[in-house]
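[1] here you go, sequence then predicted model.
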Amino acid sequence: MTLETIAVVAIAASLVVGALFTLVAGIGLLKLNGAMPRLHAPTKAGTLGIGAFLMASMIHSWTYDEGSLHELLIMGFLFVTAPVTANFLAKVNIHRRDCDTPPEPPRDDTWSTLLVPVPDQEQDQDQAQGQA
Amino acid sequence: MTLATDLMTWALYGAFAVVAVAQIMAMIRLWVGPNTGDRILALDTMFINAIGLIVLLGIYQGTRIYFEASLIIAMLGFISTVAYARFVLRGDIIE
């Protein structure tokens, strides 16, 4: 009886925390100006919000059902993939020059992120010969 | 006891509303976003919010049948975001 009350209050607290973080992510995505500041809001807060929701789901299933730890799988997957996604999006922003570009490298080098891919010339020649 | 259950139910309703509002905010950013990176980020956020909505629906109905759906949506969101980013970066997805 008392344990169930504590569990229900814990579920409610987790839901409120998750909703708060999700709302912060949405507001940050809308309000921040600049590509890189906008990148910082949802990749952290969105994942924390989902973590709190999954925690609420786990407590709920342990309280009213026979319990499950499956939610840990989604949580771990999101925690692993969120930094990878953020890294890729930061590279996209640098590549499109939507933020401060890095300083020029020494000698005649260029940054690989800023490199614009050139079409494969041999393939173009093959296609030209095929058409001719 | 009844008070605690009421608290949980109202927290669930509030969470539904807040995640829906966050989803709409991400959609606005997807619509107006000036850069390509912003649009990809908004899509990724919409994927994450969709997982949250599905998890909340699972809590609301007291079932576990939505677990696989949310896991698959999480994987699809990551893969699609990486594919978009690779396409912008390299001009090709699989080289």
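    The structure has been received and is ready for your questions. Numbering: from 1, shown residues only, chains lettered A, B, ... in the order given.
[2] top helix in chain B by residue count?
    Scanning chain B for the longest helix, with DSSP state H as the assignment, gives helix B:2-32.
[3] quick check: which element contains the closest residue to chain B within chain A?
    In chain A, the residue that lies nearest chain B is A:G26 (3.3 Å; Cβ to the nearest Cβ). For the C-beta atoms, the positions are set from N, CA and C on the backbone; glycine is no exception. Element membership of A:G26 [criterion: DSSP states H and E] is helix A:2-31.
[4] quick one: that helix to helix B:2-32, angle?
    If you take axes from the mean of the first three to the mean of the last three Cα atoms, to 10 degrees, helix A:2-31 sits at 20 degrees to helix B:2-32.
[5] how about A:H70, what does it touch?
    By Cβ atoms under 8 Å, 6 or more residues apart in numbering or on different chains, the contact list for A:H70 reads B:R64, B:F67.
[6] kindly report the same for the one 4 residues further on.
    With Cβ under 8 Å, 6+ apart as the criterion, the residues that contact A:I74 are A:I50, A:L54, B:I51, B:V55, B:F67, B:S70, B:L71, B:A74.
[7] again, only using 6 Å
    With contact taken as Cβ atoms under 6 Å, 6 or more residues apart in numbering or on different chains, A:I74 is in contact with A:L54, B:S70, B:L71, B:A74.
[8] likewise A:A19?
    Contacts of A:A19 by Cβ under 6 Å, 6+ apart are B:G14, B:A15, B:V18.
[9] ok, B:I59 next?
    Residues counted as contacts of B:I59 (Cβ under 6 Å, 6+ apart) are A:S57, A:H60.
[10] check the gap between the residue of chain A closest to chain B and B:M27 for me.
    10 Å (Cβ to Cβ, to the nearest Å).
[11] between those two, point out the one with more neighbours.
    Taking other Cβ atoms under 10 Å in any protein chain shown, A:G26 and B:M27 do not tie; A:G26 has more neighbours (29 against 16).
[12] who's in contact with that one?
    A:G26 sits next to B:A22, B:M25 when contact means Cβ under 6 Å, 6+ apart.
[13] same thing but 8 Å
    Counting by Cβ under 8 Å, 6+ apart, A:G26 has contacts A:P42, B:V21, B:A22, B:Q23, B:I24, B:M25, B:A26, B:T45, B:N49.
[14] if any of the residues you listed are buried, put those into a PyMOL selection.
    Buried residues among these (16 or more other Cβ atoms under 10 Å in any protein chain shown), as a PyMOL selection:
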select buried, (chain A and resi 42) or (chain B and resi 21+22+23+25+26+45+49)
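[15] save the contacts of A:G26 as JSON lines, and put in pLDDT too.
    As requested, the contacts of A:G26 are exported to JSON lines (pLDDT from 0 to 100):
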{"residue": "A:P42", "pLDDT": "86"}
{"residue": "B:V21", "pLDDT": "94"}
{"residue": "B:A22", "pLDDT": "93"}
{"residue": "B:Q23", "pLDDT": "93"}
{"residue": "B:I24", "pLDDT": "94"}
{"residue": "B:M25", "pLDDT": "93"}
{"residue": "B:A26", "pLDDT": "92"}
{"residue": "B:T45", "pLDDT": "93"}
{"residue": "B:N49", "pLDDT": "93"}
